[in-house]
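# make a model of this:
(one chain, ligands or ions: 1)
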Amino acid sequence: MVQPIGMFDSGFGGLTVARAVIDLLPNEDLVYIGDTGRYPYGNKPAAEVQRFAHEIATSLVNDFDVKLIVVACNTAASVALEQLKDTLPVPVVSVIEPGVSALVQTTRNKRVGVIGTVGTIDSGAYEHAVGAADASVSLVSAACPGLVEFVERGQTSGAEVTLLAERLLAPIVHAGVDSLLLGCTHYPYLARVISDVMGPDVVLVSSGDETAFAVKEMLEVAQLQEDTSRVGEHFFYSSGDPEWFAHLGRRLFGPELSDAQSWIVK
Ligand code: DGL
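Now for the predicted structure:
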């Protein structure tokens, strides 16, 4: 077996990033861990999320021999990225910088928004990253507690989720942004609802595609790419109920997610 790419999220959200990575790099193997047994991360103290991220990333290295780790969770990346980069023996790619780079390239009026979990928004990681990418861009951010829970239940449309989105997104609508970054990997599943609330003039930006390009570049730089003639294999693990993970995962991700196995914290 070749060395796979490792990827993790609190649950199903990172599958939006996995989709992009698999589509761009179909010759690479991938191991994905969804920590559905302990999700959501977004309302937990930073120290707890840092511990979860460390446990999963260590398991990806030690148990699955991954060659690179993608932190496909904004909440984990916003509080644990530096620590993971400092301690892991493999390159680490996050969703934050790739998303921000797409965001600052998309805006025309230089007013942008980001939405994410309470943990992500409170960490200030996006203020920092947008400021570093383009100091002339002004950012308005909003935490959106509750949206992740809808996705994890498989409820990605309907009156309830629309009502909550209208309430949470009101400050962003009023700020007159022309581009909105979905700063939580679960939110692309709600893109139609969010777009409906924001109106047709606001471009939604997700980090999945840009992150996949960052992974490709990182593999090339480190000379870790696999032979383009091979077909990659994909393995999905969940710390919660693997059957539910496979069931909802298949709906959200597509038929390649045929089954999921149990991942247990050591
Ligand atoms: N999908 C994750 C993120 O990008 C985590 C959501 C959560 O567990 O609260 O922030």
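# for the rest of this, base every contact and every neighbour count on C-alpha atoms.
Fine.
# residues of the protein that sit close to the ligand?
Neighbours of the ligand within the chain, by CA under 6 Å from any ligand atom: 9-10, 13, 39-42, 73-75, 117, 148, 184-186.
# can you do 8 Å?
9-14, 39-43, 72-76, 116-117, 119-120, 145, 148-149, 183-187 (CA under 8 Å from any ligand atom).
# I'd like to know which of these are part of strands.
Secondary structure from DSSP state E places 9, 116 of those in strands.
# buried ones among the residues of the chain next to the ligand?
Taking 16 or more other CA atoms under 10 Å as the criterion, what is buried in those is 9-14, 39-42, 72-76, 116-117, 119-120, 145, 148, 183-187.
# which stretches in the stretch 51-200 of the chain count as helices?
74-87, 96-106, 118-123, 125-133, 147-152, 159-174, 191-198 (DSSP state H, counting those that start in this stretch).
# now the stretch 101-250 of the chain against the ligand: closest residue?
As assessed by CA to the nearest ligand atom, the ligand sits closest to Cys184 within the stretch 101-250 of the chain, at 3.3 Å.
# okay but that residue is in contact with Thr75, surely?
Yes. Using CA atoms under 8 Å, Cys184 is in contact with Thr75, at 7.4 Å.
# joint contacts of the two?
When contacts are counted by CA atoms under 8 Å, 6 or more residues apart in numbering, the set common to Cys184 and Thr75 consists of Thr117.
# picking that back up, what's opposite the nearest residue to the residue of the stretch 101-250 of the chain closest to the ligand once chain neighbours are set aside in the beta bridge?
Excluding its sequence neighbours, the residue lying closest to Cys184 (CA to CA, 6 or more residues apart in numbering) is Gly116, at 5.0 Å. When bridges are called by DSSP bridges, Gly116 pairs up with Ala143.
# tell me the pLDDT at Gly116?
pLDDT recorded at Gly116 is 98.
# isn't it right next to Ala143, touching?
Yes. Counting by CA under 8 Å, Ala143 is a contact partner of Gly116 at 5.2 Å.
# common neighbours of those two, please.
Common contacts of Gly116 and Ala143 (CA under 8 Å, 6+ apart): none found.
# about what we covered before: check contacts around the residue nearest to Cys184.
The contact partners of Gly116, by CA under 8 Å, 6+ apart, come to 74, 142-144, 182-184.
# make TSV out of those and add distance to Pro26 and pLDDT.
Below are these laid out as TSV (distance: CA to CA, whole Å; pLDDT from 0 to 100):
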residue	distance to Pro26	pLDDT
Asn74	24	98
Ala142	35	98
Ala143	34	98
Cys144	33	98
Leu182	25	98
Gly183	25	97
Cys184	24	97
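# in those, find the pair that's most separated.
Largest separation among the contacts of Gly116 by CA to CA: Asn74 and Ala142, giving 13.9 Å.
# ok, Thr156 - contacts?
150, 189-190.
# closest to Ala214 out of these?
Tyr189 (21.8 Å).
# name the nearest residue to Glu233, sequence neighbours excluded.
Spatially, and ignoring its direct neighbours in sequence, Glu233 is nearest to Asp29 (4.7 Å; CA to CA, 6+ apart).
# how about Thr106?
Nearest non-adjacent residue to Thr106, counting by CA to CA, 6+ apart: Ser179, 6.7 Å away.
# residues contacting the one you found?
By CA under 8 Å, 6+ apart, the contact set of Ser179 is 103, 106-107, 111-113, 202-205.
# again with Asp259
Contacts for Asp259 were tallied using CA under 8 Å, 6+ apart; they are 236, 242-243, 246.
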